[in-house]
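>>> pasting a predicted model and its sequence here:
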Amino acid sequence: MRLGIIGGSGVYDLDGLEDAAWTTVGTPWGDPSDSILTGRLGGIDMAFLPRHGRGHVHAPAEVPYRANIDALKRLGVTDLVSVSACGSFREEMAPGDFVIVDQFIDRTVARPASFFGTGCVAHVSLAHPTCPRLSAAAAAAARAAGVRVHEGGTYLAMEGPQFSTRAESLMYRDAWGADVIGMTNMPEARLAREAEICYASVAMVTDYDCWHPDHDAVDVAAVVATLGANAASARALVAGLPGQLGPDRPPCPHGCDRALEHAIITAPGARDPAVLARLDAVAGRVLG
Ligand SMILES: CSC[C@H]1O[C@H](OP(=O)(O)O)[C@H](O)[C@@H]1O
Ligand SMILES: Nc1ncnc2[nH]cnc12
């Protein structure tokens, strides 16, 4: 197994890796957000990628999501934990709490959302977009780190970069039943599934967005202040993950690592060799 971590806002580095090295990885989809920090932690091979790049240079709509997932797959990542800042629509999901997301509503509009397309068409299942096995490990590691954890929650992925209007915030909460909101987990989760990587999302609550009558509307300063206070918890969660997962990795009982098994519909003779070449890392297992 190789465990990947994508660090969101405020999480640009990972301490404590043995043999730590920043590695540059090229992909057919362009450059990833940054170099990738590889090393070992608790006996497990690790790969860490700061989603927005060190220094936070990529806006949520401009994060090179396909290159990021391809590069992690190329490095052998089998299981990927995303750590993200998010706003909360629930009183009980308070700033400082971690939500282990299990569903998404995708309101992003301007991001390439698939590795597949003309020349090689595929339709993977996204009914259960996160991996229950990896999510349970992330929840246990967060709890062991002393964090209040909510297992299960729906993440509304908005386009941004502006925060929501109050009318949107109330609609997402009351009509759509979303629990948390952020700008980055889509199309990341879609692409991880297409790449047959188990994906879990740890959403760290930083604010109440703008619906809450007793709290100011969210701004970057509030997000960063809460994230700073929670950085130690995020690090402790990551440090505890290898112990929760163990060194052996039996096939995913939920099939995340076999998602492409029956997904490619383009007839073998009709597939475009140039498109297939781009899919070497992501779909090499099924394309041969
Ligand atoms: C800095 S506030 C908004 C910004 O923070 C979140 O980023 P990430 O998901 O990478 O932690 C949110 O999605 C926005 O991109
Ligand atoms: N309220 C919010 N909306 C969107 N993204 C966020 N990231 C952190 N808080 C957020």
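Now that the structure is in, tell me what you want to look at. Ligands and ions are numbered 1, 2, ... in the order given.
>>> C-alpha only now, for contacts and for neighbours.
OK.
>>> please determine how far residue 43 is located from ligand 1.
27 Å (Cα to the nearest ligand atom, to the nearest Å).
>>> next one: residue 35
Taking Cα to the nearest ligand atom as the measure, residue 35 falls 16 Å from ligand 1.
>>> next, count neighbours for that residue.
20 (other Cα atoms under 10 Å).
>>> for it, which non-adjacent residue is closest in space?
Spatial nearest neighbour of residue 35, excluding adjacent residues (Cα to Cα, 6 or more residues apart in numbering): residue 24 at 4.6 Å.
>>> quick one: average pLDDT of whichever helix or strand residue 155 is part of?
For residue 155, the element it lies in under DSSP states H and E is strand 154-157. The average pLDDT within strand 154-157 is 98.
>>> that one: what's the following helix or strand?
helix 166-170.
>>> would you mark the buried spots in that next one?
For helix 166-170, burial by neighbour count (16 or more other Cα atoms under 10 Å) applies to 169, 170.
>>> up against ligand 2, what does the stretch 151-288 of the chain have?
163, 181, 182, 183, 206, 207, 209, 218, 223 (Cα under 6 Å from any ligand atom).
>>> switch the cut-off to 8 Å
157-158, 160, 163-164, 181-183, 205-210, 218-220, 223 (Cα under 8 Å from any ligand atom).
>>> in ChimeraX, select just the buried ones from those residues.
Restricted to buried positions by 16+ other Cα under 10 Å, the ChimeraX selection for these reads:
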select :157,158,160,163,164,181,182,183,205,206,207,208,209,210,218,223
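>>> among the residues of the stretch 151-288 of the chain next to ligand 2, which are located in strands?
The strands, defined by DSSP state E, take in 157, 181, 182, 205, 206, 207 from those.
>>> nearest to ligand 1, of the residues you listed?
Closest to ligand 1 out of these is residue 182 (3.9 Å), distances taken as Cα to the nearest ligand atom.
>>> hang on, the closest one packs against residue 161?
No - with contacts counted by Cα atoms under 8 Å, residue 182 stays clear of residue 161, the gap being 10.0 Å.
>>> residue 266 looks like it's in a helix, true?
No - the assignment for residue 266 is coil, going by DSSP: H, G, I helix; E, B strand; the rest coil, so no helix is present there.
>>> look up how far ligand 2 lies from it.
In this view, residue 266 and ligand 2 are 37 Å apart by Cα to the nearest ligand atom.
>>> neighbours of that residue, how many?
With other Cα under 10 Å as criterion, residue 266 counts 15.
>>> now do the same contact list for it.
Contacts for residue 266 (Cα atoms under 8 Å, 6 or more residues apart in numbering) come out as 119, 120, 121, 122.
>>> can you give me the neighbour number for the last one?
For residue 122, the number of neighbouring residues by other Cα under 10 Å comes to 16.
>>> nearest spatial neighbour of it, skipping sequence neighbours?
Closest to residue 122 by Cα to Cα, 6+ apart is residue 264, at 4.1 Å.
>>> pLDDT wise, what is that neighbour at?
pLDDT, residue 264: 98.
>>> count the neighbours of it for me.
Counted with other Cα under 10 Å, the neighbours of residue 264 add up to 17.
>>> from what I can see it touches residue 120, true?
Yes - assessed by Cα under 8 Å, residue 264 is found in contact with residue 120 at 7.2 Å.
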